[in-house]
Every structure is written in C-alpha cells, then in structure tokens.
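Enquirer: Test case, fold it:
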Amino acid sequence: MKKIATISLLISLFSCQLKTNPNESLNQIAEGYVKLVLEAGLYDPYFVDAYYGPEEWKPQTLTDENAEIPVRELVSKAEGLRNQLESIKINDLNEDLKLRYIYLAKQLAAVKGRIELVGGKKFTFDEETSVLYDVITPNYSIAHFESLTQELNEILPGEGNLTNRLTEFKKEFIIPKEKLKEVFEAAIHEARKRTLEHINLPENENFVLEFVTDKPWGGYNWYKGNNFSLIQINTDLPVYIDRAIDLAAHEGYPGHHVYNCLLETNMVNKNNWIEFSVYPLYSPQSLIAEGTANYGIEMAFPDEEKIKFEKEVLFPLAGIDSGKAENYYKVLELVAKISYVRNAASEAYLNGEKTKEETIDWLVKYALRDRASAEKSLSFIEAYRSYIINYNVGLDIIRKYMENNSGESADEKWLLFEHIISTPQVPSNLIEK
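Expert: Predicted coordinates:
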C-alpha cells in the first residue's frame, strides 16, 4: 500500500509540474487557439489563409452553408483562452516565451474581434485596425495628397486630367499577356537566387506559379505546408513591368513563401509551437507578413539593382523599350507616395462616410487609378475591409525597425530581416524600437 501511495504521490507531483510548466501551458492554449481559428473559419470564408496542422483538428464542414456564426460561444472560447494566458506570469518567462506569449495574446484578441465583426458588431476603422492588426493607420489630409499629385503634374505635362495622362503614359510598360509567364519566371528565379545567398531554406522548398482571373487582388500566395506554395497572379487588369519583381519578391522570395517556410521550420517543426500551423488572415500576423513581403523587395533588389535588372533583363523579355524607363521610374516613385490614399478611401467607405460611387471617384482623383482599377481596388476593400493598411503601414513599420536596428552591411540587414520573419512577432513589438 505504501508503494502505491508513493507512486500516486509522484504521479500527482508530476502532473502538477506539467500544469505549471509555462511552455506546456502555452502549448495547451495554442491548441485551443488553433481549433478556435478553424471553427471560426467555417463561418468566415477568407479567415483561414493556411493550415497544415493535425488533420483531426479540422472541424466538420457545415451542413447549412447559411448557418449563423455562434458569436457568444466562440467569443467565450476566445476569452477563456485569454484568461488561461493571463494566469501565466509573463515576467517568469524567458525572452523566446515572452514573444510567444505576446503573439498568442494579440492573435487571440484579433480572433475575438473578427468573430464579433462577422457577427454584426460595429467597429470604427481605427478600432478595427487596432483590434485586428495591432496598429492605427496615420491620417493624411487631402492637401497632402494634392501636393503629391502636383509633383506628378509637373513631370507628366499634357492635356486632360492627371489620372488619364498617367494611365496613357503607363500603357507602354504593360507586359503582353503572352510574355507574362516568361517575365515572371525570370523575376522569381532572380529573386530566389538573391535570397538564397543570405537565407538557408529547406531543400524541398518549392512553388507553382499560376495566372488567374476574376480576383479582387493582384497576387496571392497560398501556402500549403511542407515548404510548398501556390503563387497566383491575377490578370484581370494590365500587369506593368515593375510588378514582375514586386510580386516575385512579395509573394515568393524573400516574401510570403520564405516567411511561411521559416515559420514552419523554426516554430512548428523545431519548437513544436502549433499555433503557427494556422494562419488567420485578419490578425497582427498579416501586418508582419505583408510588411516584410513589401520590404523584401528592397532586400532582394536594393538601391538601383531593381531598375538595373528590369532594364537589362525584364524589359527585353517583355518587348518593352528600356530607353523610356528613366521617366517611368520617376513617376512610380511619386505614385508610391500616394499609397495612403487607399487607406483613407477604405476608412471613409467602411465608416459610412462615402458611398461606393463616391469612393470610386475619390480613388480616381487622388489615387490616380483609372475607373477599372478603382473599381477593382474597391472590390478588395469590400472583400477584405481594413486589411489594405497592412501593405503600407506594415512596410513603414518594418523599414523603420530595420533602419533603427541593423548596420550598414548587407549581411547584417539580412540577419535582422531573417530574425523578424522566423520569430513570433507582432507590430507593437517593432514600433518605436
């Protein structure tokens, strides 16, 4: 009997030890988080962007496609997981586990917020971006955008309004549809080669490139797990020559494909941090993903190297006269500064301050998009709401963090960049650091 009592005591002590082990507690919360995301995804078609965790964790498909989301039940689960998380003393954790803790806290807040939004709760634009993406986007006045368009007026003289002149000017730089595959494959090959000079990727990493239509976005990376991505390029609208490298780096190397490969390798396979086996689109993870993917363009093609490669390789492949490139890049530099117009348009539309037609007109006037492009931009806002802020706000946060924390050498920059995309990061970790 004494032996049995001793064994029972040891088992009890061991069980208590497991429960108080912070990493084990985080593992349990992470499992609940993954299952919650998958369940919420049944009612929110865009929510689960990727999943490569245990098959048995997937919930059964809904039999009623119009079933209402059980908001109270799912919110209660999110709050329960958050309460479990808060019972762990963050100051007792090492630096890695602190990052994991903060990541889970921010992601759970976003999951809860998205469930409430889908369930009908009203958020202002700033409330939505704060809850879902851990940021509030900067506000710029109309005067700010007008001053930028005035600069374009000076280098695009001619008759008619500026949007029409810009659309006409850019026509000479459209990649012919029959050349798209060749141009994009060349751009991806170069981006991959440059990335592999600095980042070691799993030997089996790979992707498939597809050209698609009838999508609200320009490009998309569908990460399938096991270091494999499906990269899709939308050809509804004309694809300009500068977009080849932009999308090759953003969707591929060192952007989304590399980001997901490193998270799977380091977080899931090595650390067994199962929360990274699921990617909820409307969450702080997306701002890190989009910000690093956009900054990745500069990492792979710093300074004038992008322009040099485009003029020497991609322009000839596309059959475009590279002699006209200099003015094109001046125009692109100014247009890039106007990107926050889309944030402002999204805010006004989602806050109910502008109608659909007024928003399209505003995008035509201030974002300098032709009507077809403005309508496509609005279709993105209608599908993904405030997600649009992740591209420019994310880029600005990553760029500032890189400038403040890395040295001048390329090797130092790549080391810091790789650290960001292979560790649990949320925007508030990187702001003002």
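
Enquirer: ok, now which ones touch the most centrally placed residue in the chain?
Expert: The centre of the chain sits closest to E290, judged by C-alpha atoms, centre = their mean, with a distance of 2.9 Å. By C-beta atoms under 8 Å, 6 or more residues apart in numbering, the contact set of E290 is 390-391, 394-395. Every C-beta, even on glycine, is put in place using the N, C-alpha and C of the backbone.

Enquirer: Which parts of the stretch 201-350 of the chain are strands?
Expert: Secondary structure of the stretch 201-350 of the chain, counting by DSSP state E, counting those that start in this stretch: strands at 206-212, 219-225, 228-234, 278-280.

Enquirer: Out of those, the one nearest F417 is which?
Expert: Smallest distance to F417 across these (C-beta to C-beta): 17.5 Å, for strand 219-225.

Enquirer: tell me the angle the closest one makes with strand 228-234.
Expert: If you take axes from the mean of the first three to the mean of the last three C-alpha atoms, to 10 degrees, strand 219-225 sits at 160 degrees to strand 228-234.

Enquirer: CA atoms only: put strand 219-225 into CSV for me.
Expert: What follows is strand 219-225, C-alpha atoms only, in CSV (Å, rounded to 0.1, in the frame of the first residue of the first chain):
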residue,chain,number,x,y,z
GLY,A,219,-1.2,38.5,-56.5
TYR,A,220,-1.6,35.8,-53.8
ASN,A,221,0.5,33.2,-52.0
TRP,A,222,-1.4,30.1,-50.9
TYR,A,223,1.0,28.3,-48.5
LYS,A,224,0.2,24.6,-48.4
GLY,A,225,2.7,23.4,-45.8
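
Enquirer: what's the domain layout of the protein?
Expert: Using automatic domain parsing, the domains assigned to the chain come out as 2-122, 142-430.

Enquirer: In a markdown table, list these along with distance to Y133 and mean pLDDT.
Expert: Shown next, in a markdown table, are the domains of the chain (distance: least, C-beta to C-beta, whole Å; pLDDT from 0 to 100):
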| stretch | distance to Y133 | mean pLDDT |
| --- | --- | --- |
| domain 2-122 | 7 | 87 |
| domain 142-430 | 5 | 94 |
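
Enquirer: returning to what we had before: if you compare the strands of the stretch 201-350 of the chain, which one is most tucked away?
Expert: strand 278-280 (a mean of 25; mean count of other C-beta atoms under 10 Å).

Enquirer: What strands line up against that strand, and which way round?
Expert: strand 48-51 (antiparallel) (DSSP bridges).

Enquirer: Next, the buried residues of stretch 408-416.
Expert: 413-414 (16 or more other C-beta atoms under 10 Å).

Enquirer: Looking at the contacts of E290, which one is closest to S283?
Expert: Using C-beta to C-beta, N390 is the member of these that lies nearest S283, at 10.1 Å.

Enquirer: Ranking the domains of the chain by mean neighbour count, which comes first?
Expert: Note that of those, domain 142-430 is the most buried (mean count of other C-beta under 10 Å), with a mean of 18.

Enquirer: Next up, the contacts around P176.
Expert: Contact analysis of P176 by C-beta under 8 Å, 6+ apart lists 318-319.

Enquirer: again, only this time at 10 Å
Expert: Applying C-beta atoms under 10 Å, 6 or more residues apart in numbering, one finds that P176 lies in contact with 183, 238-239, 318-320.

Enquirer: go on, S87?
Expert: Contacts of S87 (C-beta under 10 Å, 6+ apart): 25, 29.

Enquirer: let's number from 839 now, not from 1
Expert: Renumbered: residue one is now 839, and that last one reads S925.

Enquirer: Ramachandran angles for it?
Expert: Main-chain torsions, S925, degrees, to the nearest 10: phi -80, psi -10.
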